[in-house]
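Participant: Quick one, structure for this:
(2 chains)
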Amino acid sequence: MRVTAAEVARIAALAELAVDPAELPRLTEDLERILDFVARLPEPSAEASGDIRIGAERLVLRDDVVLPSGLARPPADFAPEFVDGFFVVPRLEAMEDA
Amino acid sequence: MSVRAAAASVAERLAAAGPRGLNAALAWSKEALAAEADRVDALPRHLPLHGLPIALKDNIVTTELDTTCGSRMLEGYRSPFDATVVTRLRAAGALIACKSNLDEFAMGSSTEHSAFGRVLHPLDPERVPGGSSGGSAALVAAGVVSAALGSETGGSVRQPASFCGIVGLKPSYGRVSRYGLVAFGSSLDCVAVFGRTVGEAARVFGAIAGHDPRDPTSVGAPPPVLRPASGSLQGIRVGVPAEYFPADLDPAVRAACDRTLEQLRELGATVTPVSLPHSELAVPAYYILAPAEAAANLARYDGVRYGRRAPGVADLRSLYRESRGQGFGPEVRRRILLGTYVLSAGYAEAFYRRAQAARRLIADDFARAFGAGVDLLFTPTTPTPAFRAGEKTADPVAMYRADVFVCPASLAGLPALSLPIGRSEGLPLGGQLIAPYLAEPDLLAAAGALEAALDPAAEAR
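Facilitator: Numbering: from 1, shown residues only, chains lettered A, B, ... in the order given. Coordinates of the predicted model:
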């Protein structure tokens, strides 16, 4: 299956993943090889249509009550930056994708 | 021996299993072990796992040891809560010994994809212990700990159990709580168990199984009632799927399986051929579904709430991209790209929907075999014994194919177990038993009887 380096770069952007341009040829080759391998799956038949459910018969709704978080340490202890109850991040570049 | 003395000897063995040894142990400390020993000493001695040293794959969170998932992304991360399985192990008297090395975020079949270096096979340092739970497998096989928890998404406990010559049990999907297991492929992930014997694996499984309201996928069924293995398999029908014995199967693997089937007959079981015709679709389907789910699950590592944050970035988007680009290793990046690709507009129909349909066919194959009166299935666990380090790292597809016999039961959510059935030039070989959904008691009883009859040290010829 033909995949281009430009497509891999676009997918990496969709996945919010920085990729060094020098890595692109190798990643493209890997992706092509894997997609060739997985593309052997047949078209779905009527036999295989419908939802598949693995495990529990149905998911049980939980009571709508607030439970204690059970956290031994607050977010300020594990977040990279946490001030006054907020996770702190750099500013958003003004409408870069608009 | 007191628990304190046992903990001290575990510490000595762990010191030898670090980066200069098997490289199987990640976080542990003498102080934490001593505190664990004191805690266990204060518990009643009749508890089922009293004093049993257990390693945890480093994607199972604890408040007292770092959880890295074998990734730079989570280096130094300390969870603010304990996984349910950890709470249950502690309540059963187990001694939490250490965290164990793994393929980064449990993605791999050789434990060569850890940011903290590859794990060595305990019998041959040139070979891999399997993966992704290779650290846990190596620690049990080397006798550092008595048992360990791993996790399975597509065979990550059974395959390393087979390579290392120990027992690996993957429970039914939903049987063991995943609260506190770092998510990879949520429709597949299970906490799974390694033991040196079937009995030890069963004991640990018994302690951790059962409903957990904190895990919405946890099964509401009552906890399994395990029974001791009897010496007979009279009345048990064991199906042997032809698709798991291809013409190019490693001759030693085939010979060990033939001998095991003979043993099953001698124990009174009826061995009957069956067909699981869609088995060959399992690995391709898995490598669409698991990366698709991983791409979604790993979106949470964005450098904002926890984990690695790239320094010196100017805006939020760069923060996401650089933190993720720097934090994830090559195999995780590959799978995020693959998962994003197969879910992207125009490709979801061609890939994701086909994979879901294949999964349905695979699950139906199993349902038909069990519906026709077969109690258990027997197959090889892996197509070959442990391969050499570096042998498959250049070709991801060759690596993925190592999971060919373990993937189908994962896709169908069924319980399955690998146990040692012989050796090939000194390297262990595993045989796999697969049971119907929630039939772990039958699976473990049969595996126990078979284990007692087999000589796992015998060369397969």
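Participant: in chain B, what residue is nearest chain A?
Facilitator: B:Gly325 (2.9 Å; CB to the nearest CB). C-beta coordinates here come from the backbone N, C-alpha and C atoms, glycine included.
Participant: show me the contacts for B:Asp103.
Facilitator: Residues in contact with B:Asp103 (CB atoms under 8 Å, 6 or more residues apart in numbering or on different chains) are B:Gly70, B:Ser109, B:Ser110, B:Thr111, B:Glu112, B:His113, B:Ser114, B:Gly131, B:Ser132, B:Gly134, B:Ser156, B:Glu331.
Participant: got the contact list for the residue lying closest to the third one once chain neighbours are set aside?
Facilitator: Spelled out, that is B:Ser110. Nearest residue to B:Ser110, sequence neighbours excluded (CB to CB, 6 or more residues apart in numbering or on different chains): B:Val128, at 3.9 Å. Counting by CB under 8 Å, 6+ apart, B:Val128 makes contact with B:Ser110, B:Thr111, B:Glu112, B:Arg118, B:Val119, B:His121, B:Gly134, B:Phe163, B:Ala386, B:Phe387, B:Arg388, B:Ala389.
Participant: Please look at the fourth one and B:Leu22 and confirm they touch.
Facilitator: No: assessed by CB atoms under 8 Å, B:Arg118 is found out of contact with B:Leu22, at 9.9 Å.
Participant: The two - which one has more neighbours?
Facilitator: B:Leu22 (25 against 22; other CB atoms under 10 Å in any protein chain shown).
Participant: Any stretches of chain A with poor pLDDT?
Facilitator: A:46-51, A:53, A:55-60, A:94-98 (pLDDT under 70).
Participant: Spatially nearest residue to the most centrally placed residue in it (excluding sequence neighbours)?
Facilitator: By CA atoms, centre = their mean, chain A has its centre lying nearest to A:Ala15, at 6.6 Å. In this structure, A:Ala15 finds its nearest non-sequential neighbour in B:Thr340, 4.3 Å apart by CB to CB, 6+ apart.
Participant: With pLDDT as added columns, please give the contacts of B:Asp103 in TSV.
Facilitator: What follows is the contacts of B:Asp103, written out as TSV (pLDDT from 0 to 100):
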residue	pLDDT
B:Gly70	98
B:Ser109	96
B:Ser110	97
B:Thr111	98
B:Glu112	97
B:His113	97
B:Ser114	98
B:Gly131	96
B:Ser132	97
B:Gly134	98
B:Ser156	98
B:Glu331	95
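Participant: Give me the subset of these that lies in strands.
Facilitator: Of those, none are assigned to strands by DSSP state E.
Participant: Pick out the one among those with the largest number of neighbours.
Facilitator: Highest neighbour count within the contacts of B:Asp103, by other CB under 10 Å: B:Gly134, with 38 neighbours.
Participant: Do I have it right that it meets B:Pro160?
Facilitator: Yes: with contact defined as CB under 8 Å, B:Gly134 counts as touching B:Pro160 (5.1 Å).
Participant: shared neighbours of these two, anything?
Facilitator: Each of B:Thr111 lies in contact with both B:Gly134 and B:Pro160 under the rule CB under 8 Å, 6+ apart.
Participant: Pick out the residue in chain A sitting closest to chain B.
Facilitator: Nearest residue of chain A to chain B (CB to the nearest CB) works out as A:Ala18 at 2.9 Å.
Participant: Look at the nearest residue to that residue once chain neighbours are set aside and say how many residues are nearby.
Facilitator: Once flanking residues are discounted, A:Ala18 sits nearest to B:Gly325: 2.9 Å by CB to CB, 6+ apart. Per other CB under 10 Å, the neighbour tally for B:Gly325 reads 18.
Participant: got it, and B:Arg321?
Facilitator: B:Arg321 has 21 neighbours, counted by other CB under 10 Å.
Participant: Ignoring the adjacent residues along the chain, who's closest to it?
Facilitator: Of all residues not flanking B:Arg321 in the chain, A:Ala18 sits nearest, at 4.1 Å (CB to CB, 6+ apart).
Participant: Settle this for me: the residue of chain B closest to chain A is touching A:Ala13, isn't it.
Facilitator: No: the criterion here is CB under 8 Å, and B:Gly325 misses it with A:Ala13 at 11.2 Å.
Participant: now residue 73, nearest residue through space, not along the chain?
Facilitator: Let's take chain A. A:Arg73 sits nearest to B:Pro80 (CB to CB, 6+ apart), 4.4 Å away.
Participant: I was thinking of chain B, sorry if that wasn't clear
Facilitator: Once flanking residues are discounted, B:Met73 sits nearest to B:Gly327: 3.3 Å by CB to CB, 6+ apart.
Participant: so what's that neighbour up against?
Facilitator: Shown in contact with B:Gly327 (CB under 8 Å, 6+ apart): B:Ser71, B:Arg72, B:Met73, B:Leu74, B:Tyr301, B:Gly303, B:Gly307, B:Arg308, B:Ala310.
Participant: contacting residues around the residue nearest to B:Ser275 when sequence neighbours are not counted?
Facilitator: Nearest residue to B:Ser275, sequence neighbours excluded (CB to CB, 6+ apart): B:Ala242, at 5.8 Å. The neighbours of B:Ala242, taking CB under 8 Å, 6+ apart as the test, are B:Pro273, B:Val274, B:Ser275.
Participant: if you set the cut-off to 10 Å instead, what comes out?
Facilitator: Residues in contact with B:Ala242 (CB atoms under 10 Å, 6 or more residues apart in numbering or on different chains) are B:Pro273, B:Val274, B:Ser275, B:Leu276, B:Pro277, B:Ser279.
Participant: Now do the helix or strand harbouring A:Arg33: which elements does it pack against?
Facilitator: A:Arg33 is part of helix A:24-38 when elements are defined by DSSP states H and E. Using 3 or more CB pairs under 10 Å, 6 or more residues apart in numbering or on different chains; DSSP states H and E, the elements in contact with helix A:24-38 are helix A:5-14, helix B:282-297, helix B:330-343, helix B:354-371, helix B:396-401.
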